Every structure is written in C-alpha cells, then in structure tokens.
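Q: take a look and give me a structure for this.
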Amino acid sequence: MPLTTTEATTTVAAPAMTTAATTTAASMTVEAATTTAACKTVEAATTTEGGVLAARRKAELGGRARVCGLYDALGAPVYHDLATYDDPETRALLTAVRSTPGPLLDLAAGSGRFTLPLLATGREVTALDLSTDMLALLRTQLDRAPASMRTRCTVVQGDMSRFDLGRTFPHILLGTTSLSLLDEDGRAGLYRSVLAHLAEGGRFLLTVLERGDGDGPDETVVRATGAGGTVYELYEHWPAGADSRTVTLFPADPPQDDSPVTVCTDRVAVLDLPRLEEELAASGLAVTSRRLLSPPDERHRVTLLTTEASR
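A: Reported below is the predicted structural model:
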C-alpha cells in the first residue's frame, strides 16, 4: 500500500552505500516532483540499515525518539494520515473493476485506502487485513460513514497468505508492495488462496513497485502533509539494484521540549516484475494485461497487473 504525498519539497542525494544494499522497509510510494541536491559525505561508520540521513536525523532526537513500525498501534495512525484515496493506483483499480458487477475482495486492506472508494461506488467489499490496529482505523471510518456504506462492508482479520472466506469474488485486489510483505512460501499460499476465491472468469488485480531511476540517489528525503495537517519528513533508502528498501518517517517539526517523538520505520522486500510474473504463472495465474501507472523514469515505477486463472 503506497502513500501519496500532498506536498513535496527536497530530495537529498546521499552518498552511494554498499553496506546497506540489502536493507528492507515499509511499503510506500511518494508521487511527487522533487529536486535533487548534493549531501556532504558521511563517515562510513555512520551507515546504518535505514540510511545515513535517517540515522543522522534520529541521532538528533536522541532519547526522545520512540521507534515503531508502520502497522502497529503507534505507526498505523501515521500511515493512515498519509494515505490517499485519490491517486493513479486507486483510480486505475476503480476503473478496472467497473465493468464487472459483484462483490470485491480487498486484500491487505489496511485502514481502507481502496475499500472506502470502492464502497463509495456502491460495491460490496470484503476487507481483509492482519493488523488489528489498521482494521480498528477502518472500523472507525466505517462508523462515521453512511449506513448504506457500512452494510456493504465485511471486515475480516486474517492472513492473506492463507484465508478461507467460503465464497468467491469476480475481482480480488492487492495494492502496491503489499505482496512484498510475504516471503516466497507466503506468496505461494496467497496465490492458492486467491485461486480458491476467484469466481469463474474472475480477475486478480495487483500492483508491483520497482525502482525506475537506476542512476538516482540511494537515499531521498521528501516532505509530506497528512490529511490532518501534520507535516512529515519521509526518508527512503533504496540503492539501485537492491532487493529491499527502507522508509523512515519523522514529524517535520517536533515539539521543542523533551517529549517523545514517534519515528516510524518498517521494512519490506522489493519484488521485481519478471520474478513476480514467473511466480504467478507457476501458481496457475496468467497475466492478461500490464499497465504502467507512473512515468517510466520516476524513482517509483508502479505497474498494474491483471491476472486470471489459467487452469
């Protein structure tokens, strides 16, 4: 599930780092036009899993830093604040399911980035996610929604690598990088579960995130404004060719006192398109279309795949 910034400022180029090339991180996409600037060389000893710039920012906070993941009790509200319901990925998925009526299954639904727009179009949606904290945010939003939307949503806490809902769907959806939260065995379980829940002629729609700027900086920083008005600094460490990336979120303007400061960081593997398509084919899911949702040379290249059962 990516995040879309509503405000972009500066992208800072960090020195190339090889010791952190296998770091993993949270599933976020920053859709922003950014400017690049050189960063002073940092001693090799300061290189960490999250990148030099993020480590330096955390060190500035000292003991005030309260580190959490993006999907736990502290991090989930921050992730939700930065989630957007109007971005190319969401719009593409809404368009893709429009022609076929029937219920939808939203996997790794989180706090409702796809679920809520789908409900707003009049569809019935089953939202499945493993995170208690994310689903609590979704339920809070549903409580505030019109009754006509609430009654069309079924919220399920479950593991997307092994689920059994006892019904089938004409469309099953999985957002950007959520697949990368699973290891190889977990992905195989996901594909089996999807095939068991696809209606006759049904389609599994999923997006994959790859790095599109091979010669770009290893580490970038952008500013993003959340729905509630909070401004964040988003640090991403993603060396070209690495099989993982790290994202760390700081409040841009923490209080000038000794109070704790929430720092969100998480890890997720990078799964490239050729490998993903090989796995899908081996599982019995045939790719019927590919749609690029971002300019090919952007740092974050997002592709929407449409698949159907091949056997």
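Q: when you work out contacts or count neighbours from here on, use the C-alpha atoms and nothing else.
A: Will do.
Q: can you point out the buried residues in stretch 122-141?
A: Burial within stretch 122-141, assessed by neighbour count using 16 or more other C-alpha atoms under 10 Å, is assigned to 123-139.
Q: which of those fall within strands?
A: Judged by DSSP state E, those include 125, 126, 127, 128, 129 as members of strands.
Q: report pLDDT for the residue lying farthest from the centre of the chain.
A: Taking C-alpha atoms, centre = their mean, the residue of the chain most remote from its mean C-alpha position is residue 257, at 32.4 Å. On pLDDT, residue 257 comes in at 93.
Q: again with the one 5 residues further on
A: On the pLDDT scale, residue 262 is placed at 95.
Q: can you tell me the SS state at it?
A: Following DSSP: H, G, I helix; E, B strand; the rest coil, we place residue 262 in the strand state.
Q: so which helix or strand takes in the closest residue in space to it that isn't next to it in sequence?
A: Leaving aside its chain neighbours, residue 262 sits nearest to residue 66 (4.8 Å; criterion: C-alpha to C-alpha, 6 or more residues apart in numbering). Assessed by DSSP states H and E, residue 66 sits inside strand 65-68.
Q: how much space separates residue 59 from residue 163?
A: With distances defined as C-alpha to C-alpha, to the nearest Å, the gap from residue 59 to residue 163 amounts to 42 Å.
Q: more crowded one of the two?
A: residue 163 (18 against 12; other C-alpha atoms under 10 Å).
Q: tell me the contacts of that one?
A: Taking C-alpha atoms under 8 Å, 6 or more residues apart in numbering as the criterion, residue 163 is in contact with residue 193.
Q: distance of residue 113 from residue 93?
A: Here the criterion is C-alpha to C-alpha. By it, residue 113 lies 11 Å from residue 93.
Q: if you count what's nearby, which of these two comes out ahead?
A: A count of neighbours by other C-alpha under 10 Å puts residue 113 above the other of residue 113 and residue 93, at 22 against 19.
Q: wait, is that one part of a strand?
A: No - when three-state DSSP is applied, residue 113 is found to be coil, with no strand at that position.
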